[in-house]
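>>> Take this sequence and fold it.
(2 chains)
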2 protein chains.
Amino acid sequence: MQDAGEDRVTSLKPFFEPRAIAIIGASSKKGKIGYEILRNIVEGQFEGPIYPINPHEEFILGLKVYRSIMDVPDIVDICVITVAPNMIPQVLLECGDKRIRGAVIISAGFSEIGNFQLEKQVVESASKSGIRVIGPNCAGIINTEKRLYATIESRIAPGCIAFITQSGALGGAALAWARQEKMGFSKFVSYGNRCDVDEADLLDYLMKDQQTTVIAAYFEGLRDGRRFVETAKRVSARKPILAIKSGHSSEGMRATLSHTGAIAGSDKVCDGAFRQVGIIRAEDIEDLFDMAKALSTQPVPFGDRTLVLTNSGGPGVMMVDALTKWELRIPETSKEIKDKLGFLPEICSKNNPIDLTAQAGPEHYKKVLQIAQESDDFDLLIPLFVPPTYVKSESISEAVLEVSKATSKPILACWMSGDLVREGVERLESGGVPNFPTPKRTAKAAWALVQRGRHLVQQKEEKASKSF
Amino acid sequence: MQDAGEDRVTSLKPFFEPRAIAIIGASSKKGKIGYEILRNIVEGQFEGPIYPINPHEEFILGLKVYRSIMDVPDIVDICVITVAPNMIPQVLLECGDKRIRGAVIISAGFSEIGNFQLEKQVVESASKSGIRVIGPNCAGIINTEKRLYATIESRIAPGCIAFITQSGALGGAALAWARQEKMGFSKFVSYGNRCDVDEADLLDYLMKDQQTTVIAAYFEGLRDGRRFVETAKRVSARKPILAIKSGHSSEGMRATLSHTGAIAGSDKVCDGAFRQVGIIRAEDIEDLFDMAKALSTQPVPFGDRTLVLTNSGGPGVMMVDALTKWELRIPETSKEIKDKLGFLPEICSKNNPIDLTAQAGPEHYKKVLQIAQESDDFDLLIPLFVPPTYVKSESISEAVLEVSKATSKPILACWMSGDLVREGVERLESGGVPNFPTPKRTAKAAWALVQRGRHLVQQKEEKASKSF
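As a prediction, this is how the structure comes out:
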């Protein structure tokens, strides 16, 4: 059983590290899927051989086109398939003869429109040929490390977040969102109808992937609940998993049904299962990536006691409200710490949230964060900054970064005023401290870190109790 | 009583439409509050006379400086005060002699740090002098119509949203946020410790302000609960009011206490009161302005039955989930409408959420929205678009705008992929249809429209029942 699992993981390797790749259904017509994928692979600068296949073309983007996969004079690891759906079972048999090990089927027209029979034939052909299949009805895969962009979606910079998605379009939206937020991905997989490779396979693969430190996912339904739960539990012990699980309202379930043919599980059951296995649930792309940003840059805290440091009372109060909504604690400042804060002007509030008022400079932020990071009273630190028009945000960012380098406590920043703090935010994030534009979003990201910490502690306790 | 209320409103007019303005405490030093405000007024191109006051300066930004307000050879309507707090009671008496009608006190150092006595003296001096006071401890005021930027915060373009805020810093953040979202304001008021002019006065004033169609607010505490409730009810019958009420967690209440000295009301009481008077509550700046954008551009719907139109199944499901969370209905498509949708390719889902699939072009969006806007089954329309890499978003935006021009139903768009849809979003919003980047944010904005509709219907019913 363990071996079978290992095999399933090993068999995914060619998808992400192919030496040579074929595009079956490559096209010279701009806008056609068979053109756009080839263009992405070429422009993405994939370093291995690329073989476009199309009986009616000769050259595309300067590459020689082959009439059939059988004509390619090379060993090919994987193929991307964009031909008409009814041709695909036959294509897979040919790929089998050619010893291809994986097929990414972009083409739609299978179970998602009720064509279960054809999808079954695909599975049978692939199985006969010893080929693993991603898709059909998907948007492709990316491995930034190998500069492999075998997708119809736009390209993205390297990073340490892997994103897997059932919905191809949502994958495209996620890539665009991440690019806008200046985030990078290690891997991207749109797995569509998952007639073969499914979410559990991918989680297992990503657990061992050295480029990936955080796994983000978009699920609609889960195929094999039990295997999924076992896998997720094993994986989340090693790496955080964040997931949107959509279709949880009854209306949403109806929509899912007509969309993928999968039956979306009862939401409460799913919620409980997620919590149990350590998956951190996101509502939307926005908080999925906010949380991923926090988890991929910050250490996990040992508790939920949060220090809020602000230069403005109102936003400080909003931050406390938002953190409290997520059940994080904001402990009152101890007498000892208040004494240490004696250097602050009279006008400042020394209780948590500590309010430096608008006159605060970088040295105030630095000293207070220093005191808080040394104290046993706080597990995570949230500096908040709303710039008076005459204060530059970069100087405050530098102060935060100095403390960040010297502490093992997570720091999440909330520099609040859009274009007024752009330089400050860039400075923060290039130094490894994530910024969130509102208290609500900062609090959700802080919650994710705390949830992750809780899960790890709980797992340790379970192990410890078993060893007695 | 009615007259007293009228007086309170009339007496605010000089703040927003002054002929001449004085800056008491003007400075030539960059970064000083007395400089930055003057610079904002000058650069903002206020058209009336501007009188800087400072006994130690001669010219600032090319303007002659007067030693005292008494030396100004003109009738001055309002002054902005930035001098040391203990000087202010005396300054107000001089302003009284000069027949000034309003003072915006930027200076801090009053009740917010426990200095209640000094604030009381300010109130007494102002009252003796017949001067209305905004502040102290505030960030100033803006009236874009008159190009009046009497604030330490950055300037903003004209628009039809008024924003009032107890916290000055949050005001700055709000201005930056709005500018980033390309929104404009009619008025901006940071009212700080509100020793005189308070939230109720401002609501009453804005109700009559012709430039304002939506009122957005940030409250920490409410001074006179009963008057506030009466006022808000009257105002929200005419214009939508959106508000963040912070300090509602018990932790937040502790923070509020140390911040402004006001006691934040119990959250549940506040929630109920808000609903009763028709204030739509926001959690954060993000949804405050998302909702303001919807309410300032779209008609109010007569119900909550929503049509979702998508070119991508997954995001369509997410939208349904998000709308359902806010208790909006997504009715199944009737047989009649399904017949009308006969022109759609077989692969499309004709049930609501209608899924056009990735092949959808502008003509599909236009026809379906046309059918939905003509039908009695739907009260509001939400087109969602996730661009395949080879489709331009502007063409879909044009299709939506054509329908928007011809319908009295609200349309909220969700073009989902950041920079990939930038042109499409700009086209939409310049044509008056607001866009939201995620289903969650779209759903919250839709909820605000529906809440507004419900409130108006309820008010009509109350009036009708009284007339019998």
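
>>> Which secondary structure element is home to A:A216?
Using DSSP states H and E, A:A216 sits within strand A:214-219.

>>> ok, that strand: who's next to it in the sheet?
Taking DSSP bridges as the criterion, strand A:214-219 forms sheet pairs with strand A:158-165 (parallel), strand A:241-245 (parallel).

>>> Take those and write them to CSV, including mean pLDDT and mean neighbour count.
Every residue, glycine included, has its C-beta placed from N, CA and C. Shown next, in CSV, are the strands paired with strand A:214-219 (pLDDT from 0 to 100; neighbours: other CB atoms under 10 Å in any protein chain shown):
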stretch, mean pLDDT, mean neighbour count
strand A:158-165, 97, 24
strand A:241-245, 94, 25
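
>>> shaky segments in the stretch 301-450 of chain A?
Scanning the stretch 301-450 of chain A for pLDDT under 70 picks out A:389-390.

>>> what ranges do the helices span in it?
Along the stretch 301-450 of chain A, counting by DSSP state H, counting those that start in this stretch, helices occupy A:313-325, A:335-340, A:362-374, A:393-405, A:422-430, A:439-466.

>>> looking at these, which is buried most?
Using mean count of other CB atoms under 10 Å in any protein chain shown, the stretch among those with the largest mean neighbour count is helix A:313-325, at a mean of 28.

>>> separation between the residue in the stretch 301-450 of chain A positioned nearest to chain B and B:V317?
When scored by CB to the nearest CB, the stretch 301-450 of chain A has A:G314 as its residue closest to chain B, at 2.4 Å. Per CB to CB, to the nearest Å, A:G314 is found 37 Å from B:V317.

>>> again, but for A:N435
The value you get for A:N435 to B:V317, if CB to CB is used, is 30 Å.

>>> just A:D339 next, same as before
According to CB to CB, A:D339 stands 55 Å off from B:V317.

>>> just A:K460 next, same as before
The value you get for A:K460 to B:V317, if CB to CB is used, is 37 Å.

>>> count of residues packed around the closest residue to chain B within the stretch 1-150 of chain A?
Closest residue of the stretch 1-150 of chain A to chain B, CB to the nearest CB: A:G31 (4.1 Å). For A:G31, the count of nearby residues is 11 (other CB atoms under 10 Å in any protein chain shown).

>>> what does the stretch 1-150 of chain A have sitting close to chain B?
Within the stretch 1-150 of chain A, the positions lying close to chain B (CB under 8 Å from any CB of the partner chain) are A:K30, A:G31, A:K32, A:E36, A:A108, A:G109, A:E112, A:I113.

>>> Any of these buried? List them.
A:E36, A:A108, A:G109, A:E112, A:I113 (16 or more other CB atoms under 10 Å in any protein chain shown).

>>> right, and out of these, which lies closest to A:I215?
Closest approach between these and A:I215, by CB to CB: A:E112, at 24.6 Å.

>>> Quick check: the closest one touching A:N137?
Yes - using CB atoms under 8 Å as the test, A:E112 is close enough to A:N137 to be in contact (5.2 Å).

>>> Tell me the one of the residues of the stretch 1-150 of chain A next to chain B nearest A:L288?
Nearest to A:L288 among the residues of the stretch 1-150 of chain A next to chain B is A:E112, at 23.2 Å by CB to CB.

>>> secondary structure class for the closest one?
When classified by DSSP: H, G, I helix; E, B strand; the rest coil, A:E112 comes out as helix.

>>> residues touching the residue in the stretch 151-300 of chain A that chain B sits nearest to, list them.
Closest contact between the stretch 151-300 of chain A and chain B, by CB to the nearest CB, is at A:S167 (2.5 Å). By CB atoms under 8 Å, 6 or more residues apart in numbering or on different chains, A:S167 lies in contact with A:S190, A:Y218, A:E220, B:S312, B:G313, B:G314, B:P315.

>>> Turn the residues you listed into CSV, including distance to A:E6.
Output for the contacts of A:S167, formatted as CSV (distance: CB to CB, whole Å):
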residue, distance to A:E6
A:S190, 25
A:Y218, 27
A:E220, 28
B:S312, 35
B:G313, 34
B:G314, 31
B:P315, 35
